[in-house]
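**Student:** Quick one, fold the following:
(2 chains)
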Amino acid sequence: DAKTTQPPSMDCAEGRAANLPCNHSTISGNEYVYWYRQIHSQGPQYIIHGLKNNETNEMASLIITEDRKSSTLILPHATLRDTAVYYCIVSTGTGFQKLVFGTGTRLLVSP
Amino acid sequence: SQTIHQWPATLVQPVGSPLSLECTVEGTSNPNLYWYRQAAGRGLQLLFYSIGIDQISSEVPQNLSASRPQDRQFILSSKKLLLSDSGFYLCAWAPSGGYLGELFFGEGSRLTVL
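**Tutor:** Model prediction:
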């Protein structure tokens, strides 16, 4: 599976959009981009995933560049409860899959 | 609906003692099962995964073992714990075959080895 690079930490003001970047320059054509988050002392929570097109759900939006070498997770109106570690992962998404988590980005949302 | 349960939630064990962490999934059949570990201040490390009963794959050499005696039961064990085994252990499941949409995690088991 391709590796990903994320900034170790980011800050965001409550109510503002949080834009979390991820580089995955070695991604293969059949690999999806997944985003998870982990609130302290809990198991990771799935947020969103995508292949080529931008995706949006009730939690976030995922913007994938045309060359697919990077992506951005957008939390449109961050709240204090969005403070967590956010993981960007790439995986084939078919057959047997194993998600390999890196160290992620620690997002701190402040009042 | 599907649920995943892990126990115990917390555990304090002396060095050299055995370990058994259990994970069960309800509401689905033939899931892919995973054990992850998170050491303090670190990311998640994949330890074991299983695609079926008695089919276990290990990702890293270590002092731990895993077993899957039943379709929806996944057990993490050790015969003799080391200090370095301390951490937050997470069990997860995903639908088998086909397309992976989401990996579902349990609540986790926090192990402290003294």
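
**Student:** Note down every partner strand of the strand or helix carrying B:E22 and its orientation.
**Tutor:** For B:E22, the element it lies in under DSSP states H and E is strand B:19-26. Within its sheet, and counting by DSSP bridges, strand B:19-26 is paired with strand B:3-7 (antiparallel), strand B:73-78 (antiparallel).

**Student:** So for B:L64, which of those strands sits nearest?
**Tutor:** strand B:73-78 (5.1 Å; C-beta to C-beta). Using the backbone N, CA and C atoms, a C-beta is placed for each residue, glycine as well.

**Student:** From the centroid of the chain, which residue is nearest?
**Tutor:** Here I'm looking at chain A. Residue closest to the average C-alpha location in chain A (C-alpha atoms, centre = their mean): A:W35, at 3.4 Å.

**Student:** Oops, wrong one, chain B.
**Tutor:** So for chain B, C-alpha atoms, centre = their mean, it's B:W35, sitting 3.0 Å from the centre.

**Student:** Could you pull up the contacting residues of that one?
**Tutor:** Contacts for B:W35 (C-beta atoms under 8 Å, 6 or more residues apart in numbering or on different chains) come out as B:23, B:46-49, B:66, B:74, B:76, B:89-92.

**Student:** Report the contact partners of the residue nearest to B:T112 when sequence neighbours are not counted.
**Tutor:** Spatially, and ignoring its direct neighbours in sequence, B:T112 is nearest to B:V12 (4.7 Å; C-beta to C-beta, 6 or more residues apart in numbering or on different chains). Applying C-beta under 8 Å, 6+ apart, we find B:V12 in contact with B:111-112, B:114.
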